[in-house]
Structure formats: structure tokens, C-alpha cells
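A.B. asks: Sharing a sequence plus its predicted fold:
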Amino acid sequence: MPFEAARQKYQDAKSALESWGSGLPTDALKSDASQFVQALLAALSNQLALTETLFNQFVSQNKGRFFGPVGPDIEQALLETRTWEDTETRLREKGLEGKLRQWRSDANKFLEVDVRFATQSLAYNLRGMPKELQGEVTTFVEAVRDEVMRETRQRLDELNRSFDATLQVASDDKIRQALDRSQVRAALAR
């Protein structure tokens with residue numbers, strides 16, 4: 001039954017979105033993703049329910065009437081092209097792709113730690129101490145700095161991978177592909 005294919009696509013999308021959201025590296029990202037996934041799935045679920053209702057009504061009203069290709073009016077009723085186009089437009093207007101890119105940029109700027117000033121300041125503050133003690137303190141601080149920088153770069157790499165994965169799902173092109181009705185139109189033509 002054609003509606004089962006739509007239901008399966010919804011389930012596939014739901015599974016992919018939930019998997020993506022739960023795989024993010026931080027609780028804050030998981031929380032944001034959860035809200036995004038819930039909103040998106042609610043909209044898709046409403047559309048799926050409406051599609052099922054309309055499909056069932058259509059089948060009921062047209063039992064025994066199909067003896068040849070589907071006409072343009074029936075095709076439009078099944079495709080609901082305008083509804084899907086409106087949904088795509090609303091999703092694109094939210095600027096998800098741009099927001100994701102901005103969040104990525106902000107996170108990169110926030111996590112890029114510049115410690116040159118701190119090192120210069122440390123040297124200035126230690127200037128009155130014995131050279132041996134200055135060396136030990138400086139060595140310790142530099143070791144801590146290097147570890148912090150390593151961990152920061154590691155976290156930044158994880159965050160960038162998460163953003164890349166998110167863009168694979170929420171880019172304007174992916175949304176356009178997901179809502180493209182041409183495959184349904186082609187199936188109706190068979």
C-alpha cells in the first residue's frame with residue numbers, strides 16, 4: 001500500500017534524527033537537538049496523519065474508478081504539492097543551516113584559547129623570584145597549558161564533527177530532497 005511507504009520513510013527519519021540527537025557530545029547539544037527533533041517530528045507526524053486521512057478518504061471515494069493513468073487533479077490531490085512546498089519554505093525560512101554554521105563558528109571562537117598573554121603575564125609576575133623557581137613554575141604552567149589546549153582541540157574536533165553530521169541532516173539541500181515530490185509523481189505515473 002502506498003501509504004505504508006510514507007509511514008516507513010517517517011519511521012526512518014525519526015530513527016535517524018533520534019540517533020543523531022543522542023549521539024551529540026554534550027548534554028547541551030543533546031538538549032537542543034532533542035527540542036529540534038521533537039518539533040520536526042511533531043510537524044512530520046501531523047503531516048503523516050493528514051496524509052493518511054486524505055489517502056484513506058481518497059481510496060474510499062474512488063474505489064473501482066481507476067482504469068488507466070491517474071489524472072492531473074487526482075495526482076495533485078495525492079501529492080499535496082503545495083502543502084509540501086509550504087513546509088519546505090517554512091523550514092528554509094527558519095534558517096537552520098545558517099544557524100548551525102553560526103553556532104559552529106561561535107563554538108570555534110569560544111573554544112580557541114589564546115594563552116600567549118597569560119604566559120607573558122606569568123613571566124612578568126615571576127620576575128622577582130629565583131630563576132630556578134621561575135623555571136619550575138613556568139614548566140608546570142606550560143604543561144597544564146599544553147594539556148588544556150590538547151583537550152580543547154579534541155573537544156573542538158568532536159564539536160565540529162557533530163556540526164558536520166547535523167548539516168548532513170538539516171541542510172537546505174537535504175530538506176529539499178526530503179520533501180521532493182518527484183518520486184511520488186513518478187510512482188503515480190507507473
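C.D. replies: Yes, it's here.
A.B. asks: Let me see the confidence value for the residue nearest to residue 167 when sequence neighbours are not counted.
C.D. replies: The shortest distance from residue 167 to any non-neighbouring residue, by Cβ to Cβ, 6 or more residues apart in numbering, is to residue 100 (5.8 Å). Yep, even glycine has a C-beta here, placed from its N, CA and C like the rest. Looking at residue 100, its pLDDT reads 80.
A.B. asks: Could you do residue 38 as well?
C.D. replies: 91.
A.B. asks: What number of residues are in the vicinity of it?
C.D. replies: 13 (other Cβ atoms under 10 Å).
A.B. asks: tell me which residues of the one helix or strand it maps to are tucked away?
C.D. replies: Assigned by DSSP states H and E, residue 38 belongs to helix 27-61. For helix 27-61, the buried set under the neighbour-count rule, 16 or more other Cβ atoms under 10 Å, comprises 29, 33, 36-37, 40-41, 44, 47-48, 51, 55.
A.B. asks: C-terminal to that helix, what's the next element?
C.D. replies: With elements assigned by DSSP H and E, the helix or strand that comes after helix 27-61 is helix 72-79.
A.B. asks: How about residues contacting that following helix?
C.D. replies: With contacts defined as Cβ atoms under 8 Å, 6 or more residues apart in numbering, helix 72-79 is touched by 54-55, 58, 62, 70, 181, 184-185, 188.
A.B. asks: returning to that earlier point: counting contacts, what elements does the helix holding residue 38 pack onto?
C.D. replies: Here helix 27-61 touches helix 2-22, helix 72-79, helix 81-93, helix 131-170, going by 3 or more Cβ pairs under 8 Å, 6 or more residues apart in numbering; DSSP states H and E.
A.B. asks: how about those in CSV, adding mean neighbour count, distance to residue 122 and mean pLDDT?
C.D. replies: Output for the helices and strands packed on helix 27-61, formatted as CSV (neighbours: other Cβ atoms under 10 Å; distance: least, Cβ to Cβ, whole Å; pLDDT from 0 to 100):
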stretch, mean neighbour count, distance to residue 122, mean pLDDT
helix 2-22, 14, 42, 89
helix 72-79, 14, 67, 77
helix 81-93, 14, 50, 83
helix 131-170, 13, 6, 86
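A.B. asks: coming back round to it: wait, which of the buried residues of helix 27-61 is closest to residue 21?
C.D. replies: residue 33 (3.6 Å; Cβ to Cβ).
A.B. asks: can you tell me which residues contact the closest one?
C.D. replies: When contacts are counted by Cβ under 8 Å, 6+ apart, residue 33 touches 20-21, 24, 166.
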